[in-house]
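> Test case, fold it:
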Amino acid sequence: MVTVRAPGKVILFGEHAVVYGEPALAMAINKYVYVTARPRDDGKVTINASDLKLAGLYVTFLENGDLVARTDYGAVISALSYVRRAVELAMEYVGKRVGVDLTIRSEMPVGAGLGTSAAVAVATIASYVHALGYEISKRDLARLAWQVERDVQGAASPTDTAMATYGGVMFIRSVGGEAFMEPVKVDVDVPIIVGYVPRVSTTKELVSMVRSRLESMREVIEPIIKAIGMVSTMGRRALEEGDLKTMGQLMNINHGLLVALGVSTKQLDDMVYAARAAGALGAKLSGAGGGGIMIALSDRVEVEKAIEIVGGSAFRASLNTKGVEVVSED
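Down below sits the predicted model:
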């Protein structure tokens, strides 16, 4: 039996602008998805993922050679498509179709923009491979997990799976539709408080909306996008220098620019302004927007409570530098 954990991530700077070739900065956090794999000798694959808050889910299994997710009512669950594809690719990687019991546990809310689907894919592949006694490089693991996301979503950035695999902070730039990631050296603790509320818009909808606004008001929207890119570059410099005060100021600016693009919501804004009023060095939405998460640069209990008072759920986190790792083997 092997247990593997993979971290979630937040976007520090650069949302939406990265779509247009501007840089972004992502950080892995010390909140994890855990996957425990125990090999079976009957060829079946079972998955206990009740902790992921997928209503009614209790088991999946191999049926006529295909992995099928079922609920108490026998309905197929598309939300576990990531696990299904991850197991299939792990089987292909080791060259065996061995049954396994998988238990999945998340310390993060699912679907909030923290990269949980990527962490699930990374940890599932790694736990299956290690449980069967094989090794896999982080390069191959990131590649296979990215394939999981592409196969399930149709298209996906490699950012989330890279963060779940390698950890740390990455400076990201998209060139010609390809994402290039450069590790950023960080010698300072980066305490954050994550606040989250339900999503009201999908990433696809928000990206489409920003593109529509860019096409109809290029003279106004293009400078905003370029300004977000400049904030990302300056944010990287501040982080490398350990200048959290400047980093917080840049987070505030970045949030204002995202508000101007129209991707924030009143709930996100309420959490952001409450966090600042409670003493956070800076606060902004993180991810595509439309609900989901915001981050505050702080470790103060007062900031966490302030976010909750205005209707958000909150938890504290900090930088993860290790990425995916095996945490126990029996």
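> For stretch 147-165, which residues meet the burial criterion?
147-149, 151-152, 156-165 (16 or more other Cβ atoms under 10 Å). From N, CA and C alone the C-beta is placed, and that goes for glycine too.
> I misspoke; the intended subject was stretch 271-289.
Burial within stretch 271-289, assessed by neighbour count using 16+ other Cβ under 10 Å, is assigned to 271-272, 274-276, 278, 280-289.
> Pick out the most distant pair among those.
278 and 288 (25.2 Å; Cβ to Cβ).
> All the helices of the stretch 51-200 of the chain, in order from the start?
81-94, 116-131, 138-153, 159-166 (DSSP state H, counting those that start in this stretch).
> which one of these lies closest to residue 26?
Nearest to residue 26, of the helices of the stretch 51-200 of the chain and by Cβ to Cβ, is helix 159-166 at 5.5 Å.
> one step back: just the buried residues of stretch 147-165 now: which is nearest residue 178?
Proximity of these to residue 178 (Cβ to Cβ) peaks at residue 158, which lies at 8.8 Å.
> one step back: with respect to per-residue confidence, which of the buried residues of stretch 147-165 is lowest?
Lowest pLDDT of these: residue 156, 74.
> Which helix runs longest in this structure?
The single longest helix within the chain, with elements called by DSSP state H, is helix 218-240.
> which other helices and strands contact the next helix or strand along the chain from it?
Using DSSP states H and E, the helix or strand that follows helix 218-240 in sequence is helix 244-261. Applying 3 or more Cβ pairs under 8 Å, 6 or more residues apart in numbering; DSSP states H and E, we find helix 244-261 packed against strand 2-13, helix 218-240, helix 266-277, strand 283-286, strand 292-297.
> 10 Å instead, please
strand 2-13, strand 24-39, helix 203-216, helix 218-240, helix 266-277, strand 283-286, strand 292-297 (3 or more Cβ pairs under 10 Å, 6 or more residues apart in numbering; DSSP states H and E).
> how about the ones you listed, which one is nearest residue 174?
That would be strand 24-39 among the helices and strands packed on helix 244-261, by Cβ to Cβ, at 8.5 Å.
> Which SSE is immediately downstream of the closest one?
strand 45-48.
> quick one: strands adjacent to that next one?
Strand 45-48 pairs in its sheet with strand 100-106 (parallel), by DSSP bridges.
> Now do the strand it pairs with against strand 24-39: the angle between them, please.
140 degrees (axes from the mean of the first three to the mean of the last three Cα atoms, to 10 degrees).
> Check the offset of strand 100-106 from the chain's centre.
Counting by Cα atoms, centre = their mean, to the nearest Å, strand 100-106 is centred 19 Å from the centre of its parent chain.
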